[in-house]
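# What follows is a protein structure lacking sequence information:
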């Protein structure tokens, strides 16, 4: 179970409090570096798992948990710091809560697990969320760049794409529930 991909995912989870503490201590370059390192482990763990055929059920659960934990923790912290608009956090957090609650409800009603595959818009939303976070961390680390990068525009796009993807996921869940064999 504890293979290289899962170890990398656990390191990404461990990076979350380290990034938040670095932000608390105003070590912005360190926070950005840890964020980049965590992002690299996300790409590398999946690649290694596919190439070495070492995918596990544990990894299938840990990887999205690590991704969501990183994004939501940073969104909460940066919103609290006044660097991300509160409405952006509200939209992203609401979509995640609705989707997680819907998934749990479908499982409770059917006893079956719904395979959750990301939509193209869902992938775009995640990409924009990560870009917005990265830009915000870069501007913290290198304040001279403030105003030179469109962080607010990217977060607005991320919020819109997140809401749209949420509607897609709810629609998928309802269709799955209505069309499954009884």
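The structure has been received and is ready for your questions. Just so it is clear, the structure is predicted and the values come from calculations on it, not from any experiment.
# Which element is encountered next along the chain beyond the helix or strand residue 23 falls within?
Assigned by DSSP states H and E, residue 23 belongs to helix 4-24. The helix or strand immediately downstream of helix 4-24 is helix 28-52, counting by DSSP H and E.
# need the next SSE after that following helix, C-terminal direction.
Under the assignment DSSP H and E, the closest C-terminal helix or strand after helix 28-52 is helix 57-80.
# so which helix or strand takes in residue 122?
When elements are assigned from DSSP H and E, residue 122 belongs to helix 120-141.
# Distance from stretch 25-34 to the middle of the chain?
Chain-centre distance of stretch 25-34: 19 Å, with C-alpha atoms, centre = their mean, to the nearest Å.
# Could you list the buried residues of that stretch?
Neighbour counts over stretch 25-34 (16 or more other C-beta atoms under 10 Å) mark 27, 28, 30, 31, 32, 34 as buried. To be clear about C-beta, it is placed using only N, CA and C from the backbone, and glycine gets the same treatment.
# Hmm, residue 136 and the fifth one touching each other?
No - contact between residue 32 and residue 136 fails when scored by C-beta atoms under 8 Å: they sit 9.4 Å apart.
# so where's the protein shaky on pLDDT?
Along the chain, segments meeting pLDDT under 70 span 1, 146-151.
# Give the closest residue to the most centrally placed residue in it in space, chain neighbours not counted.
When C-alpha atoms, centre = their mean is applied to the chain, the residue found nearest the centroid is residue 68 (3.6 Å). Of all residues not flanking residue 68 in the chain, residue 96 sits nearest, at 6.7 Å (C-beta to C-beta, 6 or more residues apart in numbering).
# What spatial separation is found between the one you found and residue 133?
Residue 96 is 15 Å from residue 133, where distance means C-beta to C-beta, to the nearest Å.
# Settle it for me: which of those two has more neighbours?
residue 133 (26 against 15; other C-beta atoms under 10 Å).
# ok, back up a step: among the buried residues of stretch 25-34, which two are most distant?
Maximum pairwise distance among the buried residues of stretch 25-34 (C-beta to C-beta): 10.7 Å, between 28 and 34.
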